[in-house]
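In: let's see this in three dimensions:
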Amino acid sequence: MLAERAFFLSIAAAIMLDATLLATLAAARLQMWPPPGRDTWQYRLTWTLFILSFVGFLIVGGLDVGSLGLRRWIGEAGSLIVGSTFFMGGTAIASYAMGFLGMRGMLGLEAELVTVGPFAVSRNPGYVGDLLLILGYVILTDSLFAGLVGAAGAVWFLLAPFAEEPWLEEQYGEEYRRYRARISRWLSIPQGSTNSA
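Out: Numbers count the residues shown, from 1 in each chain. Alright, predicted model coming up:
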């Protein structure tokens with residue numbers, strides 16, 4: 001009963017969060033993400049929904065362990081090893097990216113354009129880490145409810161760059177256009193040096 005209540009709250013928050021992003025993509029003047037400023041209703045709404053969906057995701061995974069049935073295929077140890085690897089790896093990648101981005105950038109507010117560190121191989125390393133974290137937690141908990149909330153959350157992380165890119169181009173102009181041409185949205189494979197002696 002508690003797992004179901006937590007699930008419905010968190011899935012509703014995740015779906016509403018996705019809807020705010022879709023609204024931004026459909027009508028840029030709404031600008032839900034990135035929010036137009038810290039003291040705006042868009043900022044408060046986005047972060048309230050994000051916190052509710054993410055905390056709910058963690059709670060439902062803990063309350064609904066084993067309902068998905070993955071452990072029948074990969075076993076208890078496989079679930080623990082694979083899930084923990086993705087969860088910890090994703091957390092590390094997202095945290096590393098946030099360290100380079102800084103608090104303002106992480107919150108979707110205007111900050112400096114970051115093109116070094118993890119941003120030298122992906123324009124969205126934090127989102128890549130978040131997606132891995134979600135996958136890892138679903139495998140680790142083997143929870144159907146966490147899988148559904150995680151899938152709704154993953155939609156946001158997959159669509160957010162499309163809402164951010166026009167804003168970034170407006171903010172940083174040619175500097176961002178050069179960066180975008182050089183680095184992939186998700187993952188760029190570094191090319192070795194072709195200089196010869």
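In: residue ranges for the strands of this structure, please.
Out: Counting by DSSP state E, the chain has no strands to list.
In: in it, which helix is the longest?
Out: Criterion DSSP state H: the longest helix present in the chain is helix 71-106.
In: name the helices or strands packed onto that one?
Out: Here helix 71-106 touches helix 125-141, going by 3 or more Cβ pairs under 8 Å, 6 or more residues apart in numbering; DSSP states H and E. No exception for glycine: its C-beta is placed from N, CA and C like everyone else's.
In: what residues sit buried inside the longest helix of the chain?
Out: 71, 79, 82-83, 86-87, 90-91, 93-94, 97-98, 100-101, 105 (16 or more other Cβ atoms under 10 Å).
In: for residue 124, which residues are in contact?
Out: 160, 161, 185, 186 (Cβ atoms under 8 Å, 6 or more residues apart in numbering).
In: low pLDDT regions in the chain?
Out: By pLDDT under 70, the low-scoring segments of the chain are 190-197.
In: now the two most distant members of the buried residues of helix 71-106.
Out: Across these, no pair lies farther apart than 71 and 105, at 38.5 Å, counting by Cβ to Cβ.
In: before we move on, back to that, mind picking the two most distant members of the contacts of residue 124?
Out: Pairwise over the contacts of residue 124, using Cβ to Cβ, the maximum falls at 160 and 186, 12.1 Å.
In: which residues in the chain form helices?
Out: Using DSSP H, helices in the chain cover 2-26, 41-63, 71-106, 125-141, 144-172, 174-182.
In: distance to residue 118 added to those helices, as CSV?
Out: Shown next, in CSV, are these (distance: least, Cβ to Cβ, whole Å):
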stretch, distance to residue 118
helix 2-26, 23
helix 41-63, 21
helix 71-106, 5
helix 125-141, 4
helix 144-172, 15
helix 174-182, 13
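In: can you count the residues close to the closest residue to residue 37 other than its chain neighbours?
Out: Nearest residue to residue 37, sequence neighbours excluded (Cβ to Cβ, 6 or more residues apart in numbering): residue 43, at 6.6 Å. Other residues lying near residue 43 total 19 when counted by other Cβ atoms under 10 Å.
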